[in-house]
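Q: When you get a sec, could you give me coordinates for this:
(2 chains, ligands or ions: 2)
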Amino acid sequence: MVRGMAFDTSRRQVVKGFACLGIGATLPLCCGGTWIQAVAAESFTLTEIVDGVHVFTGANELMNEANHGAICNLGIVIGDDAVAVIDSGGSIVEAGAFLAAIRGITDKPIRYLVNTHMHPDHIFGNAVFRDAGATLIGHRNLPRALAARGEFYLRSYRNQIGATLMKGVEIIAPTMLITDRQELDLGGRKIELRAWKPAHTDNDLTVFDPATQTLFAGDLVFLEHLPTLDGSLLGWLGQMDELAAIKAAHVVPGHGTAPASWPQALQPQRHYFEALARDLRKAIEDGTPLAEAVGTAASSARSDWQLFDEYNERNATAAYAELEWE
Amino acid sequence: MKAVRQDRRPMAGTASKMAAALALAACICAMPSLAYSQAANAPSEKIWNELKTDVFEDRTIQSDTGLIRIEAPKRAQDAALVPVDIFIDPAKFPGGIKSLTLIVDVNPSPVAATFQFGENSGVTHLSTRLRVDDYSYLRAIAETANGELHMAQTYVKASGGCSAPAVKNQDEANRTMGQMKLRQFAEQDSQTGKGRELQLMIRHPNNSGLQKDPLTQYFIPPHFIHKLSVSQDDRPILSMEGGISISEDPNFRFDYTPDGNGEIRVEAVDTDGKVFRDQWPLEAAGL
Ligand SMILES: [Zn+2]
Ligand SMILES: [Zn+2]
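A: Ligands and ions are numbered 1, 2, ... in the order given. Down below sits the predicted model:
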């Protein structure tokens, strides 16, 4: 249940991208023609979860050609004057469908695109929103992270999702950088950005809409989809209480069901991380080598998550290398 | 891109040739090659057949003699951090082995490291972590005291280990660079159960120099530990000449035979010429 904020489903507005294909088709896209765009648009649904906050829910899958890279949650917050977009999606195709769906809801200018962090599923669509005139915003560490990884992302994802879906994808760093906290004025509605210390990555940023008590957590919160670790396990665990203290009623996690009640949504991942840390600390203490330890770490949490086998050993490898320095 | 400093001191014999091959290969393949990822999906000896003369000239390399064994996961969970174990059968080399060369066939700089062992060091097992850029053989070649070369290999499915940036927490990495940690394991806790073991960990980004900033199109310069020595007092246990294929925060675990109660000393030098030193008393618990 969501605390404090009731969801009136009859009032929910659902906007499907395909209703706006006419607009989508006029976008300056270069992504394999209208067929693939139409397919993407048909599966792209924006749902109004509370007043002026619309969310797309990604699939709990790896990015691939069939899902158009649409695996993470995306959102928008609409003020009196302007729109803020939270993450751009995992391909130009997805971002194009996203923009088309937004245009089916409002014609207010898209003033900001907020990147919650560096991962391709969240930033590969950046070009679409830059071209739509948005100012790109990110954590102060995001440009450095993209400088180190961007080329690798472009190359390795070409193998993973195919050249067609990679068409038009550019690594675009934010120009407006957040060091600590900052407000964005959308006209009659201010949203709060907050930069975090290393956790999921070293460039995690959250967005909070006080008007509806909605928290966009980016990948600082995972539900159903196993959390992935590309920053610091200790940093993530260490900031869990600070996250929980945010006065939100509900959260849009980076992956998994949106919205979910807050702060209860933190519980499953806290449980997983604690199991992972406990098992690995014991292995390190016992002198169990990395290769052996990562095979069994956190296996007690296996049935709680989707994509466990895809990500757990990798998480455990990173966590082992971090924890052995304790 | 310059992956290896030009001012290396000359080394004798095989080691200098390896260093040359390392430098050469790093220059040739500075651009991460897409051809590799498309071509090298099936085990192939092709790269090795070209590589081995660069590294070992026309010397005979014996395979499957049982003297040396190498283990690594069949599929790498993290290509930038692939654990590898090398075991040497002490019964088969009464004279001891002089050196050990670790090779990752497909890496832009295939010679990952060359280890030299001190006399009576007693090293029969060595593990470390490697970057592996694509599906590849990992090879360990031991040189015995009488100059024979013995090789073992294993095949690993990995991708992007060299061009992928491993540093997950850049500020922390910059702050802690050069810190070392030594763990000492008693005989019964060692991986072989045969000798006492050391695990040496060094904080260093060990940047490969193969990461390109897509915004500026410049390569981020390589910066890695290229020399390492471990000794008990002044008695050498092992030394290493390393390349960019050793993972971030270089980590070595090996057994050895202590001699007396002298302290363990470590010195590491990186490609910026920074020298890191530390020492630890021999732990009584490990005796
Ligand atoms: Zn994500
Ligand atoms: Zn992420």
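Q: Flag the shaky bits of chain B, pLDDT-wise.
A: B:1-41, B:165-166, B:189-194, B:214, B:285-287 (pLDDT under 70).
Q: closest point of it to ligand 1, which residue?
A: residue B:168 (15.1 Å; CB to the ion). For every residue, glycine as well, the C-beta is placed using N, CA and C.
Q: May I have the secondary structure class of that residue?
A: coil (DSSP: H, G, I helix; E, B strand; the rest coil).
Q: For the residue of the stretch 51-200 of chain A found nearest ligand 1, list the residues it contacts.
A: In the stretch 51-200 of chain A, the residue that lies nearest ligand 1 is residue A:72 (4.2 Å; CB to the ion). Going by CB atoms under 8 Å, 6 or more residues apart in numbering or on different chains, residue A:72 touches A:58, A:87, A:89, A:90, A:119, A:121, A:122, A:219, A:254, A:255.
Q: Show me which of these is closest to residue B:45.
A: Comparing these against residue B:45 with CB to CB picks out residue A:119 as the nearest, at 37.4 Å.
Q: Once you drop chain neighbours, what's closest to the closest one?
A: Of all residues not flanking residue A:119 in the chain, residue A:219 sits nearest, at 6.7 Å (CB to CB, 6 or more residues apart in numbering or on different chains).
Q: residue boundaries of the strands in chain A?
A: Applying DSSP state E to chain A gives strands spanning A:14-16, A:45-50, A:53-56, A:74-78, A:83-86, A:110-114, A:135-139, A:176-178, A:181-185, A:190-195, A:205-209, A:214-222, A:250-255, A:260-261.
Q: can you pull the pLDDT of the residue nearest to residue A:324 when sequence neighbours are not counted?
A: Distances taken as CB to CB, 6+ apart put residue A:284 closest to residue A:324, at 5.1 Å, once the chain neighbours are dropped. Each residue has a pLDDT score; the one for residue A:284 is 97.
Q: Over to the one 4 residues further on?
A: We have a pLDDT of 95 for residue A:288.
Q: how near is it to ligand 1?
A: Look at residue A:288 and ligand 1: by CB to the ion, to the nearest Å, they are 30 Å apart.
Q: Kindly report the same for residue A:299.
A: 23 Å.
Q: What residues does that residue make contact with?
A: Counting by CB under 8 Å, 6+ apart, residue A:299 has contacts A:279, A:312.
Q: sorry, back to before: the residue nearest to residue A:119 and residue A:240, how far apart?
A: 14 Å (CB to CB, to the nearest Å).
Q: List, one by one, the residues from chain A near chain B.
A: Taking CB under 8 Å from any CB of the partner chain as the criterion, chain A approaches chain B at residues A:141, A:143-152, A:154-156, A:159, A:171, A:173, A:198, A:201-202, A:230-232, A:235, A:286-287, A:289-291, A:294, A:313-314, A:316-318, A:321, A:324-325.
Q: out of the contacts of residue A:72, which touch ligand 2?
A: Among these, the ones lying close to ligand 2 by the criterion of CB under 5 Å from the ion are A:119, A:219.
Q: farthest pair in the contacts of residue A:72?
A: Within the contacts of residue A:72, A:89 and A:219 form the most distant pair, 13.9 Å apart (CB to CB).
Q: Comparing these two, which residue is more hemmed in?
A: Each of residue A:89 and residue A:219 has its neighbours counted (other CB atoms under 10 Å in any protein chain shown); residue A:89 has more, 32 against 27.
Q: can you pull the contacts of that one?
A: A:69, A:70, A:72, A:74, A:95, A:98, A:121, A:122, A:124, A:125.
Q: same question, residue B:112
A: B:102, B:103, B:104, B:130, B:242, B:243, B:245, B:246.
Q: just to revisit the earlier point, most neighbours among the contacts of residue A:89, please name it.
A: residue A:95 (35 neighbours).
Q: Contact residues of the stretch 101-250 of chain A facing ligand 2?
A: A:119, A:219.
Q: what about the residue of the stretch 1-150 of chain A found nearest ligand 2, distance to residue A:89?
A: Of all residues in the stretch 1-150 of chain A, the one sitting closest to ligand 2 is residue A:119 (3.5 Å; CB to the ion). According to CB to CB, residue A:119 and residue A:89 sit 11 Å apart.
Q: Which one of the strands of chain A lies nearest to residue B:53?
A: Residue B:53 lies closest to strand A:214-222 among these, at 48.1 Å (CB to CB).
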